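**Student:** fold the following.
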Amino acid sequence: MHPELLNSEWKAAAVSLPDLSKALGNGFTRESGGTFGEFSLRNWLQSRLKALDAANAAAGWDGDHYDVYVSGKESVAVFRLRFRDEAEARQFAEAQQAYLKATNAAPAGGDARVVATPDGIATATTGVRGVEVVFTLANSPELAKRALDALSGSWLR
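**Tutor:** Here you go, the predicted structure:
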């Protein structure tokens, strides 16, 4: 995506997440995790936004980490994205809100940070924190909020 970086010393920022297995409770285990990447981030946004808007929102990506936790039929994905600067993080956060609006997401779970789409996918987000955006995707608003609260209780302050 960035041929100008091929001969440079640039490397994606190292980003981590704490283990949320115990904090999520109910037998949750980490099923998978890794780096989502700028390309996947862009494609995710582009499923609901104009291609140029998605590309611009993802272009400031500097690194990330995600983990997926599962317990029976419940699942949650936790994302921590890092951008080059706060303006790039804000641009992504605004695009994410536009994405959620395009999915007809509505407030859910009694917490302003949590929205749910008509197909049942809930998103909880911290919004912009410096150069980072942290959010969760779950199959229920309660689980999305619980995962975000677990992060806030562990290291997101």
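**Student:** was I right to think Asp64 contacts Phe83?
**Tutor:** No - with contact defined as Cβ atoms under 8 Å, Asp64 does not count as touching Phe83 (9.4 Å). For glycine as for every other residue, the C-beta is placed from the backbone atoms N, C-alpha and C.
**Student:** helices or strands up against the strand or helix carrying Ala95?
**Tutor:** Using DSSP states H and E, Ala95 falls within helix 86-102. Judged by 3 or more Cβ pairs under 8 Å, 6 or more residues apart in numbering; DSSP states H and E, helix 86-102 is in contact with helix 37-46, helix 51-58, strand 61-71, strand 74-83, strand 122-129, strand 132-138.
**Student:** got those as a markdown table, with distance to Glu9, mean pLDDT and mean neighbour count columns?
**Tutor:** Listed next are the helices and strands packed on helix 86-102 as a markdown table, based on distance: least, Cβ to Cβ, whole Å; pLDDT from 0 to 100; neighbours: other Cβ atoms under 10 Å:
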| stretch | distance to Glu9 | mean pLDDT | mean neighbour count |
| --- | --- | --- | --- |
| helix 37-46 | 18 | 95 | 17 |
| helix 51-58 | 22 | 97 | 18 |
| strand 61-71 | 14 | 97 | 20 |
| strand 74-83 | 18 | 97 | 22 |
| strand 122-129 | 27 | 93 | 20 |
| strand 132-138 | 23 | 96 | 23 |
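**Student:** okay if I get those as TSV plus distance to Leu151?
**Tutor:** Putting the helices and strands packed on helix 86-102 into TSV (distance: least, Cβ to Cβ, whole Å) gives the following:
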stretch	distance to Leu151
helix 37-46	19
helix 51-58	22
strand 61-71	10
strand 74-83	7
strand 122-129	8
strand 132-138	6
